[in-house]
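A.B. asks: here's a sequence, model it:
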Amino acid sequence: MTPGTMTKDHHRKQSGAVKQTTVPKVRLYVERPDDENWFVHVGHVTERGRWRTEPHAHPAYGQVIFVLRGRGIMNLEGSSVPFDGPCALLLPTECVHGLDYETDVDRWVVTIDEVYLRQINVELREFSTLWSAPRLIPLAGSAQTGIELYRLIGDLKREAESHAVGHIAGTRALLTTLLLLLVREARLGQQAADSETRNDFRLVDRFRQLIDQHYQENLSQQDYASMMAISAVQLRTACASAAAQSPTKMIHARIVTEAKRNLIFGNMSVEQIGFDLGFADAAYFTRFFRREVGQTPSQFRVAARQQAEQDTLPQ
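C.D. replies: Next up, the predicted model:
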């Protein structure tokens, strides 16, 4: 797929004065202090009543939400995912999500800076796999794991807020243990991470960052490889090793994800969405989307919104 191009002026003439809505990108309640090496924050929330958030994304942070008690529905990239405590909800950076909690929800929210996430993900193959997609990790069948996770998050909160000697190293160690526990509970395959594999993960992580920055610009595999100062063959090899996908598939997946977000959460027309993603016309965008998703953009928008209405918790 090679999206076409169209001038911005032409698009503005077509779109008129209609205000276009997109997925909110928010900064969380956590702000990085100027004088501290902040990389993790732990919050504990207990709600006695109904509480919900509208779909949003936070590009600068990943989150692990441990629901000790309670239940609800997570709006995940437009799909409704019910959850019951105890469970863990893992939300990577840029993941579009909304949460609809019922009464008596007790939850811990671990917010992790995306820079640190990139660093830790190259240390173990399974960490990268864990954060490669949003996840619901049920814990009801493992009472011991739930208790261990509850204790571990409490320790992490105390260490992260401490100013004792070595508190940064202690926080890192506890966070690594927490993520390792989630990897094991999610039953991700154990695989050795030698130096060559770690280098592949670094390359793929950099490739993903570049895709996030340039997916609307109709760049080729070679363009991305040149940005990374490697050959197209090296890029394909790294993607096959670390992501089990081709570079083209990864680029297409990012475009499809953004298209789905705009179709579900925004009010732009199919033509406007296609143009925004680098396609020359609506027909070209529709053919691409149908090939990747199995539905036309319009069909997907109607089906996704109908499903969301059916799955919403009663007021």
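A.B. asks: how many residues are close by A253?
C.D. replies: The number of residues packed near A253 is 15, by other CB atoms under 10 Å. The way it works is simple: take the backbone N, C-alpha and C, and place the C-beta from them, glycine included.
A.B. asks: list phi and psi for the closest residue to it other than its chain neighbours.
C.D. replies: By the measure of CB to CB, 6 or more residues apart in numbering, the closest residue to A253 outside its immediate chain neighbours is Q245, 7.6 Å from it. Summarising the backbone geometry of Q245 under the convention degrees, to the nearest 10, its torsions are phi -140, psi 160.
A.B. asks: and if you look at F300?
C.D. replies: F300 has phi and psi values of phi -60, psi -40 when expressed as degrees, to the nearest 10.
A.B. asks: tell me the contacts of it?
C.D. replies: Neighbouring residues of F300 by CB atoms under 8 Å, 6 or more residues apart in numbering: K260, L263, F289, V293.
A.B. asks: most neighbours out of the residues you listed, which is it?
C.D. replies: Counting neighbours by other CB under 10 Å, F289 leads those with 27 neighbours.
A.B. asks: packing partners for the helix or strand harbouring it?
C.D. replies: Taking DSSP states H and E as the definition, F289 sits inside helix 282-293. In terms of contacts (3 or more CB pairs under 8 Å, 6 or more residues apart in numbering; DSSP states H and E), helix 282-293 is packed against helix 247-265, helix 270-276, helix 297-311.
A.B. asks: thinking again about what came up before, now render the contacts of F300 as TSV, adding distance to P86 and pLDDT.
C.D. replies: Compiled in TSV, the contacts of F300 are given as follows (distance: CB to CB, whole Å; pLDDT from 0 to 100):
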residue	distance to P86	pLDDT
K260	30	91
L263	34	92
F289	38	95
V293	34	92
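A.B. asks: of all pairs in those, which one is the farthest apart?
C.D. replies: Taking every pair in those and measuring CB to CB, the maximum separation is 9.9 Å, between L263 and V293.
A.B. asks: and N75, which of the helices and strands packed on helix 282-293 is closest to it?
C.D. replies: With CB to CB, the closest approach to N75 among the helices and strands packed on helix 282-293 belongs to helix 297-311: 6.8 Å.
A.B. asks: re the thing from before, mind putting the contacts of F300 in a markdown table, distance to M74 included?
C.D. replies: As requested, the contacts of F300 are arranged in a markdown table below (distance: CB to CB, whole Å):
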| residue | distance to M74 |
| --- | --- |
| K260 | 16 |
| L263 | 19 |
| F289 | 24 |
| V293 | 21 |
